[in-house]
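**Q** pasted the sequence and its predicted model underneath.
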Amino acid sequence: MVLLGGKIHALLPAGDPLPEDVVEPLEEVRLDGRRLGPGLWDAHVHFTQWVKARRRLDLSSTLSAEHALTVVTQALAARPDDGTALVGYGFRDGLWPHPPSLAALDAVAPDRPVILVSGDLHCGWVNTPAAGRLGVTPDEFGLVRETEWINANHAMVLETAPDVTHYREAADDAARRGVVGIVDFESADNVVEWPARVAAGVSALRVQVSVWPDRFPGAVAAGLHTGDVLDPEGLITFGRLKVVVDGSLNTRTALCHDPYPGLDPAHPHACGVQSVSPAELRGLLETAYGNGIKAAVHAIGDQANQQVLDEFERLGVPGTIEHAQLVSADDFERFGRLGLVASVQPEHAMDDRDVADHHWEGRTGRAFAFRSLLDGGAELHLGSDAPVAPLDPWLAISAATGRSRDGREPWHPEQNIPVSVALDASTRTRVAVGEPADLIVLDHDPTTLSPEKLRELPVAGTLLGGRWTWRDF
């Protein structure tokens, strides 16, 4: 393989002379039997949240509200009060025996702001000092959910902001796992911030950036279109309008046809939360597609997915549905018929299998239903939703093909997809002349490995546009 100008220039049998148009000196790299393939993409990342989560107090292993409070108490004792909040990340209360408590969190931290971010990013558990500083109104449990919380979390001013070094470290770590590109759905001024990061040396990834509705009018006024290149290096492109129409499973706000267990059907949010109505979504989609901007719509519950499918069908435009976690049986074929992408995060099925069995009891045969989506004709894109799951495509590939982790029996194994399909859903290029030289070098053929081995598959090298972003041979 000859790489020139950031692209694959030629593919030749071993020992053949170089093409006549290759006149500049070339570095020779011998792979010694290793496997060369296209670099990996993570189709759904919140990159700043991922960078922040790597530095926040880890709550991912907490099994109850009481356990979380113990971890917080220990952290408060070990970390002197420097005027910033204590921020934790990763609690999942969907199966906790007792709910969180505002009073209990105030008791362990009466003066210092404490902010605990849920593992799904859709709610926060805050104490009274933090609520006052953030300008939010928690309920009796100390919880702030959905739009109010998402806005507060993305505008967090009570913790030290990550600097460019932290972004570079996170991007370099992704390259070590074979990642060449991400789709960043951070709610931020991505059009400005990502080119500035590249200029400051965060250059290990290609990034397709999104715009949320609050900045969408500015993108339209600036004449931005999906696919526009935003930086001199050609690493950052303008992507899609991101719209969040419902909540999440762990926060019990995903919009479903059936009520959540234990909630009175008359409760205003018994079936979840509708963050954006179909009429509002229709207006956003019409404006976006009328101005050359494609859309990616977050929909987790089956009612939310049905509504989003209805709007795409009504307008007759292609698009992406992010998550598609619970889909009505009659709706799978609509993905293919409408030419839609199902952007899914398979590791969520491993994280959420127990909470799904409880809150979506009797419906999990169509939850995280990757095979049904594939058979329905959907184009699959795999991602992590980092920090909800780690930014590591091999975890997604393993979960999509084995639906098992930690030695447990596979969960709904009929929804497995082949490794070849999972790999295709994790890449954007081919090993072919004229394609970008975004490549990975592996010691093993991933199509021959078990799901367990895929999780820990080492990457020997990663090339982005023909330059090494990681090399270990």
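**A** Nice, I can see it. Numbers count the residues shown, from 1 in each chain.
**Q** domain parsing for the protein?
**A** Listed domain ranges for the chain are 56-154, 169-432+440-459 (source: automatic domain parsing).
**Q** and the end-to-end length of stretch 243-253?
**A** For stretch 243-253, the first-to-last residue distance is 16 Å (Cα to Cα, to the nearest Å).
**Q** mind checking pLDDT for the closest residue to residue 287 other than its chain neighbours?
**A** Leaving aside its sequence neighbours, residue 287 sits nearest to residue 220 (Cβ to Cβ, 6 or more residues apart in numbering; 6.8 Å). Glycine gets a C-beta too; all of them are placed from N, C-alpha and C. On pLDDT, residue 220 comes in at 98.
**Q** ok so, going back, turn the domains of the chain into JSON lines, including distance to residue 48 and mean neighbour count.
**A** Converted to JSON lines, the domains of the chain look like this (distance: least, Cβ to Cβ, whole Å; neighbours: other Cβ atoms under 10 Å):
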{"stretch": "domain 56-154", "distance to residue 48": "8", "mean neighbour count": "18"}
{"stretch": "domain 169-432+440-459", "distance to residue 48": "5", "mean neighbour count": "20"}
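**Q** tell me which of those domains sits nearest to residue 6.
**A** Residue 6 lies closest to domain 169-432+440-459 among the domains of the chain, at 8.3 Å (Cβ to Cβ).
**Q** nearest residue to the middle of this protein?
**A** residue 385 (1.7 Å; Cα atoms, centre = their mean).
**Q** ok, now which ones touch the closest residue to that one other than its chain neighbours?
**A** Excluding its sequence neighbours, the residue lying closest to residue 385 (Cβ to Cβ, 6+ apart) is residue 345, at 4.6 Å. Going by Cβ atoms under 8 Å, 6 or more residues apart in numbering, residue 345 touches 44, 323, 382, 383, 384, 385, 388, 389, 396.
**Q** now, which of these sits nearest residue 260?
**A** Looking across these and measuring by Cβ to Cβ, the closest to residue 260 is residue 323, at 17.4 Å.
**Q** my guess is that closest one contacts residue 300. True?
**A** Yes - in this structure residue 323 lies within contact range of residue 300 using Cβ atoms under 8 Å: 4.8 Å.
**Q** where do the strands sit along the stretch 51-200 of the chain?
**A** Secondary structure of the stretch 51-200 of the chain (DSSP state E, counting those that start in this stretch): strands at 57-58, 86-91, 114-118, 123-126, 143-145, 179-184.
**Q** can you list those in a markdown table and add distance to residue 160?
**A** What follows is the strands of the stretch 51-200 of the chain, written out as a markdown table (distance: least, Cβ to Cβ, whole Å):
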| stretch | distance to residue 160 |
| --- | --- |
| strand 57-58 | 14 |
| strand 86-91 | 10 |
| strand 114-118 | 13 |
| strand 123-126 | 18 |
| strand 143-145 | 21 |
| strand 179-184 | 21 |
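**Q** and stretch 103-120, C-alpha only, in PDB?
**A** Taking C-alpha atoms only, stretch 103-120 is exported to PDB below (Å, rounded to 0.1, in the frame of the first residue of the first chain):
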ATOM      1  CA  ALA A 103     -32.000  16.200  53.000                       C
ATOM      2  CA  ALA A 104     -29.400  13.400  53.100                       C
ATOM      3  CA  LEU A 105     -27.100  15.100  50.700                       C
ATOM      4  CA  ASP A 106     -27.400  18.400  52.600                       C
ATOM      5  CA  ALA A 107     -26.500  16.500  55.800                       C
ATOM      6  CA  VAL A 108     -23.200  15.300  54.500                       C
ATOM      7  CA  ALA A 109     -22.400  18.500  52.700                       C
ATOM      8  CA  PRO A 110     -24.200  21.500  54.300                       C
ATOM      9  CA  ASP A 111     -22.000  24.200  52.900                       C
ATOM     10  CA  ARG A 112     -19.900  23.000  50.000                       C
ATOM     11  CA  PRO A 113     -21.800  22.500  46.600                       C
ATOM     12  CA  VAL A 114     -22.100  18.900  45.700                       C
ATOM     13  CA  ILE A 115     -23.200  17.900  42.200                       C
ATOM     14  CA  LEU A 116     -23.700  14.300  41.200                       C
ATOM     15  CA  VAL A 117     -24.300  13.600  37.500                       C
ATOM     16  CA  SER A 118     -26.300  10.500  36.600                       C
ATOM     17  CA  GLY A 119     -24.600   7.900  34.300                       C
ATOM     18  CA  ASP A 120     -27.100   8.700  31.500                       C
END
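**Q** so how far is that stretch from its chain's centroid?
**A** 26 Å (Cα atoms, centre = their mean, to the nearest Å).
**Q** repeat for stretch 35-49
**A** 10 Å.
**Q** again, but for stretch 34-48
**A** 12 Å.
**Q** so what pLDDT did residue 160 get?
**A** Reading off the model, residue 160 has pLDDT 85.
**Q** contact partners for it?
**A** By Cβ under 8 Å, 6+ apart, the neighbours of residue 160 are residue 84.
**Q** quick check: it vs residue 84, distance?
**A** 6 Å (Cβ to Cβ, to the nearest Å).
**Q** ok, now residue 322?
**A** With distances taken as Cβ to Cβ, residue 322 is found 32 Å from residue 84.
**Q** quick one: the lowest-mean-pLDDT helix or strand in the chain to chain centroid distance?
**A** Least confident helix or strand, the chain: helix 146-154 with a mean of 93, by mean pLDDT, DSSP states H and E. Relative to its chain's centre, helix 146-154 lies at 17 Å (Cα atoms, centre = their mean).
**Q** the longest strand in the chain is where?
**A** strand 236-244 (DSSP state E).
**Q** touching the helix or strand following that one from outside, list them.
**A** Downstream of strand 236-244, the next assigned helix or strand under DSSP states H and E is helix 278-290. With Cβ under 8 Å, 6+ apart as the test, helix 278-290 has contacts from 213, 216, 220, 241, 243, 245, 276, 294-295, 297, 307-308, 310-312, 314-315, 317, 319.
**Q** repeat for stretch 44-59
**A** Counting by Cβ under 8 Å, 6+ apart, 68, 71-72, 75, 86-91, 116-117, 119, 121, 153, 156, 159, 162, 166-167, 170, 182-186, 188, 207, 322, 343, 345, 381, 383-388, 391 sit against stretch 44-59.
**Q** buried set for that stretch?
**A** Residues of stretch 44-59 classed as buried by neighbour count (16 or more other Cβ atoms under 10 Å): 44-54, 56-57, 59.
**Q** chain center to it, what's the gap?
**A** The answer for stretch 44-59 is 11 Å, by Cα atoms, centre = their mean.
**Q** ends of that stretch, how far apart?
**A** Rule used - Cα to Cα; the end-to-end distance of stretch 44-59 is 22 Å.
**Q** can you pull out the helices in the stretch 101-250 of the chain?
**A** If DSSP state H, counting those that start in this stretch is used as the criterion, the helices of the stretch 101-250 of the chain fall at 102-108, 128-134, 146-154, 164-176, 190-199, 216-221.
**Q** ranking those helices by mean pLDDT, which is last?
**A** Among the helices of the stretch 101-250 of the chain, helix 146-154 scores lowest, with a mean of 93.
**Q** and that one, what other elements does it pack with?
**A** strand 123-126 (3 or more Cβ pairs under 8 Å, 6 or more residues apart in numbering; DSSP states H and E).
**Q** ok, back up a step: nearest to residue 4, of the domains of the chain?
**A** Nearest to residue 4 among the domains of the chain is domain 169-432+440-459; the distance by Cβ to Cβ comes to 14.5 Å.
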